[in-house]
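Participant: the sequence and its predicted three-dimensional model are supplied below.
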Amino acid sequence: MLGRDGVAGLACLVLSLGMLALTRGLPESAMVPVGPAFYPRIVLGLMAGLSLLLVVFDVRAGRRGRVAVAKAAVAPNYRLVVVTFTTFIVYVVLLPLLGFRIATVLFVGGLQVLLDPPRSARRWVLVLVIAVATSWITYLAFEQYLSVLLPRGTWTDF
Amino acid sequence: MEVSYEHLFTAILGILHLKYLVPLLLGTVAGVIGGALPGITITMTIIMVLPFTFGLDPLQGLAAMTGVYVGGSAGGSITASLIGIPGTPSAVATTFDGFPMTRNGEPGRAIWVGVWAAFLGGLLGGLFLIAATGPLAAVALEFGPWEYFALFVFALSMVAGLVGTSITKGLLSGAIGLVITVVGTDPIMGVPRLTLGTEFLRGGFPFLPVLIGIFAFAQLMSDIEKMRRDGGAEAAGPMPKLWVSQTKVLWEILSRPFLLIWSTLIGILIGVLPAIGGSAANVMAYDQAKKFSRRPEKFGTGIPEGIIASESSNNANVAGSLVTIMAFGIPGDAVTAVMLGAMTIHGIQPGPLFISQHPAVAYGIYAAYLVALPLMVLVIAAGARLWMSIITVPKSILIPVVLVLCVIGAYALNNIMDDVYVLLIFGLVGYALVKLGIPLAPLILGLILGDQIEVNLVRAIANDPNPWLFLTRPISGGLLVASVLSVVLAFWQHRRARLRGAQAEEEETDF
């Protein structure tokens, strides 16, 4: 059974070997003694070697019996991590469709509610104010003063 | 390359113009707040402020970045002293005596001893920055591609070897950073590499979205994991009295000149060396101060010596790091890697030719650094109460806002959504790497140095295909031998620590 390091090493090994295979189709250079595949093969070889080493160390550690380690006092809240990632992915998808201003209000408001659900009317107002203010202030600062054009929505043209 | 004091004086006068002073001041304010916020590091603060500087001219942008760096290094001491939680890793040792001093009823003294020690350490570090960068850059001017290649490899091996609890994972992290840079168009022939035939990958992964994705998500998601544990915000108690006699505090520091100078030297030296940053400097300086003290048993009870050692060293460390960036173009740790990235985005390529090719910008950075120090004191003096109330903002509010700034930072680079998708991809990668226990600093360094390593390697081989030149040229050979030795030494140290059972225990997850 592989431990965390073994899994990390194996994932990196597969990735590096896959990428090494992709370097086979690269052309040689007529101008310099080394072509475009020369350096990628070195770094991918290095990555593959180190990944393999990590797997070997992990397997050896497994045979010796892994050191029992203390778990965190409270289990990490992975549910909130998944919620945040999902909300962020939805935000990134909606950005070019709804435009920066609308998508940002929805994202900042929505994520605040998901991370810490409001329990009073005052808190709901605060969530709304922060969502609108974040969208408005960043839009104003970047578009008006810093000459950075933020995404417009193809659905809303806003 | 001698220091031109005329240039320096002109640059200081220039920085005092509102055009530069305003970004420097705003950067310092952001740095103080970011540094004081537990969970928001200086690296994160620089990442968040960077997009606001895109529309500015290079010196305005770099002044803002310098302000963040200086303000952040000192800001960490506020929370370290008042609530016992270091705002940044570089203020860890400040908690050892700062917080006990606060509990002894002297919160104002704890803060101001830290602030003035940071100011004086930073000032002495600044003198070193100005005096040493030119001569070191002149040495680096003699370097050919062999030496540059070896120097970059040395920096990477040092960082990979010294970061984290496993040297294999440190080296692997550096290798992953290098691999990210080979995707996209080859810098010599312009051939697309490893792009899977897509246009999306043809330009490679842009540095900034990768950096923001990896760092921001790794940190924010780790904070979110703990959210139900700490309630998201520090409990706001009654605001303590923070004002004390400044002359008395200054005398407390100046009456200990050896401690101040020794701690500053430690900070500078650690800053100059790749791999070990402010987080190590403050602890090492604290340890040294304790060893040299006539009353070591008093350390940890709330004495000023502990705060002086920690704060003077971590601010001098900033100057030391800037020397390495400006003279060699090498970042020492994650914070300086981001600083270097910020310089590159503003069209400045730090390195040996930087001072001679861009003297106005180089002296502008010196000037910004020197002016940022008194600004930092003023910002903390004017707003200590306000900063304390800001740091109690719940994470459920802070995190969505920070994520929006991350998106803007990625998008504003080229005004395309592709960069936001890169941010998202590397956000997932960054969090996965943290969960797999792979340190991020070597990856970022590999990401920054990857192109330069390749270009110098190919250039050296194109000049002379004899590979032995890398070893027979004295500087190049010396650096490569030092790289191998640093890795071997790190292996040996890890092995010895493991055998002694002193290695920190890691959380282990079986799949």
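Facilitator: Right, received. Where do you want to start?

Participant: quick check: closest non-adjacent residue to residue 157.
Facilitator: No chain was given, so I picked chain A. Leaving aside its sequence neighbours, A:D157 sits nearest to A:G99 (Cβ to Cβ, 6 or more residues apart in numbering or on different chains; 7.6 Å). Any C-beta I mention is one placed from the backbone N, CA and C, and that applies to glycine too.

Participant: right idea, wrong chain: chain B
Facilitator: B:S157's closest residue in space is B:S483 (Cβ to Cβ, 6+ apart), at 4.1 Å.

Participant: can you classify that neighbour as helix, strand or coil?
Facilitator: Secondary structure, DSSP: H, G, I helix; E, B strand; the rest coil: B:S483 is helix.

Participant: quick one on the thing from earlier: isn't the residue nearest to A:D157 right up against A:R152?
Facilitator: Yes: counting by Cβ atoms under 8 Å, A:G99 does reach A:R152; the two are 5.0 Å apart.

Participant: pLDDT value on the spatially most central residue of chain B, please?
Facilitator: In chain B, the residue lying closest to the centroid (Cα atoms, centre = their mean) is B:V335, at 2.2 Å. pLDDT recorded at B:V335 is 75.

Participant: tell me which element it falls in.
Facilitator: Assigned by DSSP states H and E, B:V335 belongs to helix B:334-345.

Participant: returning to that earlier point: from memory the residue nearest to the centre of chain B sits against B:M44, does it?
Facilitator: No: B:V335 is not in contact with B:M44 according to Cβ under 8 Å; the separation is 9.8 Å.

Participant: how about the CA coordinates for stretch B:379-395, as PDB?
Facilitator: This file holds the C-alpha atoms of stretch B:379-395, laid out as PDB (Å, rounded to 0.1, in the frame of the first residue of the first chain):
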ATOM      1  CA  VAL B 379       1.600  54.200   8.700                       C
ATOM      2  CA  ILE B 380       1.800  52.000  11.800                       C
ATOM      3  CA  ALA B 381       1.700  55.100  14.100                       C
ATOM      4  CA  ALA B 382      -1.200  56.600  12.300                       C
ATOM      5  CA  GLY B 383      -3.300  53.500  11.900                       C
ATOM      6  CA  ALA B 384      -2.400  50.900  14.500                       C
ATOM      7  CA  ARG B 385      -6.000  50.900  15.800                       C
ATOM      8  CA  LEU B 386      -7.500  50.700  12.400                       C
ATOM      9  CA  TRP B 387      -5.100  47.900  11.300                       C
ATOM     10  CA  MET B 388      -6.100  46.000  14.400                       C
ATOM     11  CA  SER B 389      -9.800  46.300  13.500                       C
ATOM     12  CA  ILE B 390      -9.100  45.200   9.900                       C
ATOM     13  CA  ILE B 391      -7.400  42.000  11.000                       C
ATOM     14  CA  THR B 392     -10.500  40.900  12.800                       C
ATOM     15  CA  VAL B 393     -12.400  40.800   9.400                       C
ATOM     16  CA  PRO B 394     -13.900  37.300   9.200                       C
ATOM     17  CA  LYS B 395     -12.300  34.900   6.600                       C
END
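
Participant: show the contacting residues for the residue nearest to B:S157.
Facilitator: Residues near B:S483 by Cβ atoms under 8 Å, 6 or more residues apart in numbering or on different chains: B:A150, B:V153, B:F154, B:L156, B:S157, B:M158.

Participant: buried subset of these, written for ChimeraX?
Facilitator: The buried residues among the contacts of B:S483 can be selected in ChimeraX (16 or more other Cβ atoms under 10 Å in any protein chain shown) with this line:
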select /B:150,153,154,156,157,158
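
Participant: biggest separation within the contacts of B:S483, which pair?
Facilitator: B:A150 and B:M158 (12.4 Å; Cβ to Cβ).

Participant: low-confidence regions, the stretch 101-250 of chain B specifically.
Facilitator: Scanning the stretch 101-250 of chain B for pLDDT under 70 picks out B:162-164, B:228-240.

Participant: contact residues of it facing chain A?
Facilitator: Neighbours of chain A within the stretch 101-250 of chain B, by Cβ under 8 Å from any Cβ of the partner chain: B:166, B:168-169, B:171-172, B:175-176, B:178-179, B:182, B:186, B:188-189, B:191, B:193-194, B:196, B:220-221, B:224-229, B:232.

Participant: try 7 Å this time
Facilitator: Counting by Cβ under 7 Å from any Cβ of the partner chain, the stretch 101-250 of chain B comes close to chain A at B:168-169, B:171-172, B:175-176, B:178-179, B:182, B:186, B:188-189, B:191, B:193-194, B:221, B:224-225, B:227-229, B:232.

Participant: type out the PyMOL command that picks the buried ones from those.
Facilitator: One line in PyMOL is enough to select the buried ones among those; burial here means 16+ other Cβ under 10 Å:
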select buried, chain B and resi 168+169+171+172+175+176+178+179+182+186+188+189+193+194+221+224+225+227+228+232
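
Participant: what sits against B:A289?
Facilitator: Residues in contact with B:A289 (Cβ atoms under 7 Å, 6 or more residues apart in numbering or on different chains) are B:L259, B:S263, B:E305, B:G306, B:A309.

Participant: how far away is the fourth one from B:K435?
Facilitator: Counting by Cβ to Cβ, to the nearest Å, the separation of B:G306 from B:K435 is 35 Å.

Participant: what's the neighbour count on A:G99?
Facilitator: Using other Cβ atoms under 10 Å in any protein chain shown, A:G99 is surrounded by 20 other residues.

Participant: swap in A:L97?
Facilitator: With neighbours defined by other Cβ under 10 Å, the count for A:L97 comes to 13.

Participant: what's the closest non-adjacent residue to it?
Facilitator: Distances taken as Cβ to Cβ, 6+ apart place A:W155 nearest to A:L97, at 4.8 Å, with adjacent residues excluded.
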